[in-house]
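Trainee: Need coordinates for the below:
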Amino acid sequence: MGEVSTERENGAVAAAAATTEMVSPPRVNSPRQALVERLKDYGQEDVFALLDELSPDERDFLVRDIENLDLPRIDRIIRCSLHSQGLPVAAIEPVPENWVSTVDGRTMEDREKWWKMGLKTIYEGKLGVVLLSGGQGTRLGISDPKGCFNIGLPSGKSLFQIQAERILCVQRLAAQVVNEGGPTRPVTIHWYIMTSPFTDEATRKYFSSHKYFGLEPDQISFFQQGTLPCISKDGKFIMETPFSLAKAPAGNGGVYAALKSSRLLEDMASRGIKYVDCYGVDNVLVRVADPTFLGYFIDKCAASAAKVVRKAYPQEQVGVFVRRGKGGPLTVVEYSELDHSMASAINQRTGRLQYCWSNVCLHMFTLDFLNQVATGLEKDSVYHLAEKKIPSMNGYTMGLKLEQFIFDSFPYAPSTALFEVLREEEFAPVKNANGSNFDTPESARLSVLRLHTRWVIAAGGFLTHSVPLYATGVEVSPLCSYAGENLEAICRGRTFHAPCEISL
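Mentor: The predicted structure follows:
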């Protein structure tokens, strides 16, 4: 009896165990299955639709690609950005005249005060410089980073070299002016260069192979802007291949999140930096670390500032600064948001276009504001949706790229100051290949030669030329002069045959 009873008990236990196994929820038995479940949470499980058809290496590549995504963040960005498309926006108004420092409205005393104030701040190590350099030169016919491009100046210098030498010049000027008559000490401006996954390695190698153009290697920090998956109009990830997502850089406004995630905002604070100059790589006339602009910015006690140029004509296809809503903040709108009557409207008091202040990606921020805006933009998670042809496993398809722009920060600023500059002195972008109608290497080259020719003549120099002067000129090395100053000793009474470079 005891043996039979024991057998029955054992059988009951086995049956109970079997029953328990039958009613228990299925276990997630692999990391891959867990990833599928996570994708389902965000409606993106289709990325694994062809998983069974992939090779082991391709499966591993896809799994790693998905594991590296911050899915909650990306889902929030997609939802907020798609939702924002249907929301009404406030009407726009012209920028109040007294918010702009115009070229005509400045006195010589203002310029000298701001120049010295800026140089003193640079001498104290309080200025950092951020370069937006994530793009390749594909529209210029090269696959290298755009900053490596040589626009055809007599010196053969690249955009990167010209900008590095301007930093060297400002450092020297700050040391000389602040210690006028006394011993000088080295001045260092830290340069933060934003690359992208497509340009990072090549940019680092380019700087290293050129010995950092005379700068100290440890005064340059490279960091990468982020990328985001490209999406369909209903928010689904687009697959570039069966085992990889289509991705694109998150726009030059990704600089704020990139500086924060790479802890470079903390690095700036540790160096004593309080102000940050920020600009795009493709402007050959950019005055990097401009002391006058910095001095003006400090004098106005603003959180952010931008250099602006006047629109060349009403229908010029450039973004312009506006005021969003009655008494609202400054922001930038694309030319397509201005109808013909608004674009052509004249301010009867000044004779200028009402909407005339073009954004040219030359900005100044306080470090405190950069920390604030990095947090604000991340919290709001609203990106621009750009409809583009996206490479997919079925050929190119229309989809959406998620982008932020550098000017998205301005609505967060408690105060923004605008500083007019002359196009022929500070803005010569290199965006399109020679043969295009505007913004070509040739147009930028001529802008440099014409500006520098005026500097040389003003300093008492003379030019000879074998081709018409409108097609040639001289190039002044940034190591000689930052903005036309200190050229008399080099140029007065001398004759230069154009085209040529004037250097130390």
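Trainee: so who does Glu475 touch?
Mentor: Leu153, Pro154, Ser155, Val448, Leu449, His452, Pro499, Cys500, Glu501, Ile502 (C-beta atoms under 8 Å, 6 or more residues apart in numbering). For every residue, glycine as well, the C-beta is placed using N, CA and C.
Trainee: Dump the residues you listed into a markdown table; add secondary structure and pLDDT as well.
Mentor: Below are the contacts of Glu475 laid out as a markdown table (DSSP: H, G, I helix; E, B strand; the rest coil; pLDDT from 0 to 100):
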| residue | secondary structure | pLDDT |
| --- | --- | --- |
| Leu153 | coil | 98 |
| Pro154 | coil | 97 |
| Ser155 | coil | 98 |
| Val448 | helix | 98 |
| Leu449 | helix | 98 |
| His452 | helix | 98 |
| Pro499 | coil | 96 |
| Cys500 | strand | 97 |
| Glu501 | strand | 97 |
| Ile502 | strand | 97 |
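Trainee: Of those residues, which is the nearest to Val373?
Mentor: Lowest distance from Val373 to the contacts of Glu475 (C-beta to C-beta) belongs to Val448, with 33.0 Å.
Trainee: count of residues packed around the closest one?
Mentor: Around Val448 sit 21 other residues, with neighbours defined as other C-beta atoms under 10 Å.
Trainee: Ok, Asn98 next?
Mentor: Asn98: 7 neighbours (other C-beta under 10 Å).
Trainee: A helix includes it, no?
Mentor: Yes: under DSSP: H, G, I helix; E, B strand; the rest coil, Asn98 sits within a helix.
Trainee: what's the residue nearest to Cys361 when sequence neighbours are not counted in contact with, if anything?
Mentor: Leaving aside its sequence neighbours, Cys361 sits nearest to Gly280 (C-beta to C-beta, 6 or more residues apart in numbering; 4.2 Å). For Gly280, the contact set (C-beta under 8 Å, 6+ apart) comprises Leu131, Leu132, Ser133, Asn252, Val286, Cys361, Ile406, Pro429.
Trainee: Tell me the one among those nearest to Leu62.
Mentor: Asn252 (29.2 Å).
Trainee: The closest one reaches Phe405, doesn't it?
Mentor: Yes: with contact defined as C-beta atoms under 8 Å, Asn252 reaches Phe405; the gap is 6.2 Å.
Trainee: Those two: which is more packed in?
Mentor: Asn252 (23 against 19).
Trainee: Next, give phi and psi for the more buried one.
Mentor: phi -70, psi -20 (degrees, to the nearest 10).
Trainee: Show the contacting residues for it.
Mentor: For Asn252, the contact set (C-beta under 8 Å, 6+ apart) comprises Leu132, Gly134, Gln225, Gly280, Cys361, Gln404, Phe405, Ile406.
Trainee: what do you get for Gly235?
Mentor: By C-beta under 8 Å, 6+ apart, the contact set of Gly235 is Gly43, Ile78, Arg79, Leu82.
Trainee: where's it, which helix or strand?
Mentor: If you go by DSSP states H and E, Gly235 is not part of any helix or strand.
Trainee: And the pLDDT at it?
Mentor: On pLDDT, Gly235 comes in at 97.
Trainee: how near is the residue nearest to Cys361 to Tyr206?
Mentor: 18 Å (C-beta to C-beta, to the nearest Å).
Trainee: Over to Leu140?
Mentor: 15 Å.
Trainee: now swap in Ser262 and tell me
Mentor: 20 Å.
Trainee: same thing with Ser447?
Mentor: Distance from Ser447 to Tyr206, by C-beta to C-beta: 24 Å.
Trainee: Any chance of a markdown table for the contacts of Glu475, columns distance to Val36?
Mentor: Output for the contacts of Glu475, formatted as a markdown table (distance: C-beta to C-beta, whole Å):
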| residue | distance to Val36 |
| --- | --- |
| Leu153 | 55 |
| Pro154 | 60 |
| Ser155 | 57 |
| Val448 | 56 |
| Leu449 | 60 |
| His452 | 61 |
| Pro499 | 63 |
| Cys500 | 66 |
| Glu501 | 61 |
| Ile502 | 65 |
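Trainee: ok, of those, which one's closest to Leu87?
Mentor: Val448 (44.0 Å).
Trainee: ok, the closest one - contacts?
Mentor: Going by C-beta under 8 Å, 6+ apart, Val448 touches Ile151, Leu153, Val284, Leu285, Ala428, Gly473, Glu475.
Trainee: Among those, which are located in helices?
Mentor: Taking DSSP state H, every one of the contacts of Val448 sits outside helices.
Trainee: Out of these, which comes closest to Gly395?
Mentor: Of those, the one sitting nearest to Gly395 (C-beta to C-beta) turns out to be Ile151, at 35.1 Å.
Trainee: nearest residue to Phe149 other than its sequence neighbours?
Mentor: Nearest to Phe149 is Gly137, by C-beta to C-beta, 6+ apart, at 5.1 Å.
Trainee: Do you know the pLDDT at that neighbour?
Mentor: pLDDT, Gly137: 88.
Trainee: count of residues packed around it?
Mentor: 22.
Trainee: if I look at it, how far off is Cys148?
Mentor: 7 Å.
Trainee: got it, and Glu216?
Mentor: The spacing between Glu216 and Cys148, counted by C-beta to C-beta, is 21 Å.
Trainee: Pick out whichever of these two has more residues nearby.
Mentor: Per other C-beta under 10 Å, whichever of Glu216 and Cys148 has more neighbours is Cys148, with 23 against 11.
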